[in-house]
Every structure is written in C-alpha cells, then in structure tokens.
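> Turn this into a structure:
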Amino acid sequence: MIKSDLTKGEIGDFYWGYINRIPGDAELIQTLRNNTKEFSDFLESIPEDKWAHRYAPEKWSILEMVQHIIDTERIFQYRALCFARNENAALPGFDHDVYVLNSDAEIRKPSDLIEEFNSVRDSGIFLFKNLTEQKLKLNGNMNDMNATPRAIGFIMAGHALHHKEIISNKYL
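Just a heads-up that it's a prediction; the model follows:
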C-alpha cells in the first residue's frame, strides 16, 4: 500500500503533520526500511559530545529524544497490532514528557540507543509486512481518535523525520 491510499478519516488531524513528510507514492514497508537506515545513519553521524546537549534548559537532549522515538515506536506498534486484531477497546494516549522524564536516557550510550531503535523498528517492519491489506485498513480508537494500522506505519516514519529535522536544526 502507498501513502496516497490513506484517507482523511484514518487518523486524526494532528498526525498528518508526520504523514505528510512522506512522499505520496511511498510504499509502507519500503518507506519503513529506508527510513530506518536513513535515521540510523544520521544518528551515527552525530558527534559523541552532542548527545547530552540541550539547546535550552527545558528541552530534551538527543539521548532523550532518541529514547522518546523508541518508546513511541513501541506504543504505535502495539496500537497497530491491537487494531489489526480487531480490538474494540479504546486505547489511551500517553504523556511523552513523563515517559522521557522516567526513561533514564541520560545514562544510555548512543550506540545502544541506535541499536535499540533498529531492533524495535525491525520488529515493526515484521508486524506491518505480515498484515493483509484488509488488516491494515481496520479502524481502532487511540487517544480519542480513529486510526488504522497503515496510517500508524506512516506516522512512525514521519515521526523519525520530524525529530531528525529538530536535531539537525537545533542541536548540530
């Protein structure tokens, strides 16, 4: 399935900011694969001394930002799995600031975070790769909005691009 197959009702307006970072003709699995390599290569290019840097006192470090991406990937993969399995219960949102505050990212090594990102993303690729077109279109409710697994897959790629841009513009 390609990004241009998505329809407005498959995800709330907020998430289109991530999805729209992906070209319209992008295929989901290949997008996730390419995005994984692109983001991982980008992280590996960041100098060691920049990882703990904050561009303002209340802002996350790169360590915390990458941990946030990993945590978010796990949550979105869980949501996609639930919807593909026809879960009827509404799934709650999460407070990403609380997650970062409790992540202990500051004691992590950049190489470990990069490895974990790749591993978690690979798990997501396997999930999406093995969902039928019908399962990718099933609706569920997350954070008080409708969502489909296929929209979630494109959100994951766009979310990584969003943070890559922030790191490039604010930290490097």
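
> By residue count, what's the longest helix in this structure?
Taking DSSP state H as the criterion, the chain has its longest helix at helix 62-84.

> just the strands in the chain please.
With DSSP state E, the ranges of strands along the chain come out as 140-142, 145-147.

> From the chain's centroid, how far away is the last one?
Remark: strand 145-147 is offset 16 Å from the chain centroid, using Cα atoms, centre = their mean, to the nearest Å.

> Could you give me the buried positions within it?
Within strand 145-147, the residues scored as buried using 16 or more other Cβ atoms under 10 Å are residue 147. The C-beta positions use only the backbone N, C-alpha and C, and glycine is treated the same way.

> Can you list the strands that it pairs with?
Strand pairing for strand 145-147, determined by DSSP bridges: strand 140-142 (antiparallel).

> ok, and what's touching the partner strand?
79, 82, 83, 87, 90, 91, 92, 93, 146, 147, 148 (Cβ atoms under 8 Å, 6 or more residues apart in numbering).

> Which of these sits closest to residue 17?
Distances from residue 17 to those, taken as Cβ to Cβ, are shortest for residue 147 (14.7 Å).

> Please tell me how far that closest one sits from residue 83.
Using Cβ to Cβ, to the nearest Å, we find residue 147 at a distance of 7 Å from residue 83.

> what's around the closest residue to residue 116 other than its chain neighbours, how many residues?
Spatial nearest neighbour of residue 116, excluding adjacent residues (Cβ to Cβ, 6 or more residues apart in numbering): residue 70 at 5.6 Å. Using other Cβ atoms under 10 Å as the criterion, residue 70 is surrounded by 21 other residues.

> pretty sure residue 70 is touching residue 115, no?
No - using Cβ atoms under 8 Å as the test, residue 70 is too far from residue 115 to be in contact (10.4 Å).

> that older thread, what would the strands of the chain look like in JSON lines with distance to residue 18 and mean pLDDT?
Output for the strands of the chain, formatted as JSON lines (distance: least, Cβ to Cβ, whole Å; pLDDT from 0 to 100):
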{"stretch": "strand 140-142", "distance to residue 18": "14", "mean pLDDT": "97"}
{"stretch": "strand 145-147", "distance to residue 18": "12", "mean pLDDT": "96"}
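
> burial of the residue nearest to residue 26 when sequence neighbours are not counted, as a residue count?
Distance criterion Cβ to Cβ, 6+ apart; nearest residue to residue 26, sequence neighbours excluded, is residue 3 at 4.8 Å. Number of residues near residue 3 (other Cβ under 10 Å) recorded here: 22.
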